[in-house]
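Trainee: got a structure for you, letters missing:
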């Protein structure tokens, strides 16, 4: 299976012309892509693709991009070293800090570093992009009831100052870890279920050679809690749907080996 981060890096080359190498903006008005949680990043891409965010170039660029590719690109940028946009910012940062603390910090975090996966961090963002986004929320061109209400009470001078403040803040990496590969997950499974899924413990199921659909069904049952097991729930609840499919395919390919269990008399 192709490493999703490497896959995302390869796919992200299409973004570099506008958003800069590694997603670090060097063109005023172009958003910085590092330091964003993948959940927000993917939601934004889908909004452009579906026309909820209006940008003909973005919509056209994303027409043939699959959800899996979006996820890989988002993961690559999330794991990149967070760096401020390399673009100029005009405005009074001190005044911007005061206004930002009152209007934005509750959702976007102190100094613009969000603690919510669904809410973007603003630290290090290109100032012109930030200002344009605020104006679009204010006019309704970008639809969000909460943001429209916040932006309505902020004039252009204050928007410029807030943009300068956030552009000057140091972005931080979101709380995202590189996902394990199928091989790494299988190594964890093998600790209990035996090498290549050939269990030598009568209390633990053999996975090798099982049907793919059965393995997927069982893993998803543990993920959702339909099947009860503290150990399996702890492992499976962090699996993605793709992880489940890949693990099921992995163990279905393994050669099942016969095991004979002999019960010995007590004390022997």
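Mentor: Structure received. Since the model is a prediction, treat every value here as computed from it, not as a measurement. Numbering: from 1, shown residues only.
Trainee: compute the first-to-last residue distance for stretch 249-264.
Mentor: End-to-end distance of stretch 249-264 (CA to CA, to the nearest Å): 36 Å.
Trainee: what sits up against it?
Mentor: For stretch 249-264, contacts defined as CB atoms under 8 Å, 6 or more residues apart in numbering pick out 182, 186, 189, 196-200, 202, 206-212, 215. Using the backbone N, CA and C atoms, a C-beta is placed for each residue, glycine as well.
Trainee: mind listing what's buried in that stretch?
Mentor: 250-252, 254 (16 or more other CB atoms under 10 Å).
Trainee: in the chain, where is pLDDT below threshold?
Mentor: 1-2, 260-262, 266-268 (pLDDT under 70).
Trainee: break the protein down into its domains, please.
Mentor: Following automatic domain parsing, one gets these domains for the chain: 4-168, 182-253.
Trainee: which of those domains is buried the deepest?
Mentor: Highest mean neighbour count of the domains of the chain: domain 4-168, a mean of 18 (counted as mean count of other CB atoms under 10 Å).
Trainee: state the distance from residue 121 to residue 100.
Mentor: To residue 100, residue 121 is 13 Å away according to CB to CB, to the nearest Å.
Trainee: overlap in contacts of the two?
Mentor: With CB under 8 Å, 6+ apart, residue 121 and residue 100 have common neighbours residue 112.
Trainee: residue 71 is in what secondary structure piece?
Mentor: Assessed by DSSP states H and E, residue 71 sits inside helix 67-79.
Trainee: if you count contacts, what does that helix end up packed against?
Mentor: With contacts taken as 3 or more CB pairs under 8 Å, 6 or more residues apart in numbering; DSSP states H and E, helix 67-79 sits against helix 4-11, helix 38-49.
Trainee: need the next SSE after the first one, C-terminal direction.
Mentor: Elements were assigned by DSSP H and E; along the chain past helix 4-11, the next helix or strand is helix 16-19.
Trainee: neighbouring contacts of that next one?
Mentor: Contacts for helix 16-19 (CB under 8 Å, 6+ apart): 22-23, 25, 27, 30-33, 57.
Trainee: at 10 Å instead, please
Mentor: Outside helix 16-19, the residues that touch it by CB atoms under 10 Å, 6 or more residues apart in numbering are 12, 22-27, 29-34, 57-58, 61, 77, 85, 126.
Trainee: can you tell me which of those are in helices?
Mentor: Residues of those located in helices (DSSP state H): 57-58, 61, 77.
Trainee: closest one of the residues you listed to residue 4?
Mentor: residue 77 (12.2 Å; CB to CB).
Trainee: which ones are touching that closest one?
Mentor: By CB under 10 Å, 6+ apart, residue 77 lies in contact with 8-9, 12, 15, 19, 22-24, 32-38, 41, 174.
Trainee: ok, 6 Å please
Mentor: Contact partners of residue 77, counting by CB atoms under 6 Å, 6 or more residues apart in numbering, are 23, 33-34.
Trainee: chain center to stretch 87-101: distance?
Mentor: 28 Å (CA atoms, centre = their mean, to the nearest Å).
Trainee: what's the end-to-end length of that stretch?
Mentor: Distance across stretch 87-101, first residue to last, is 23 Å (CA to CA).
Trainee: got a list of contacts for that stretch?
Mentor: Contacts of stretch 87-101 (CB under 6 Å, 6+ apart): 25, 28, 126-127, 158, 160-165, 167-168.
Trainee: export the helices and strands packed on helix 67-79 to TSV and tack on distance to residue 146?
Mentor: Below are the helices and strands packed on helix 67-79 laid out as TSV (distance: least, CB to CB, whole Å):
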stretch	distance to residue 146
helix 4-11	30
helix 38-49	14
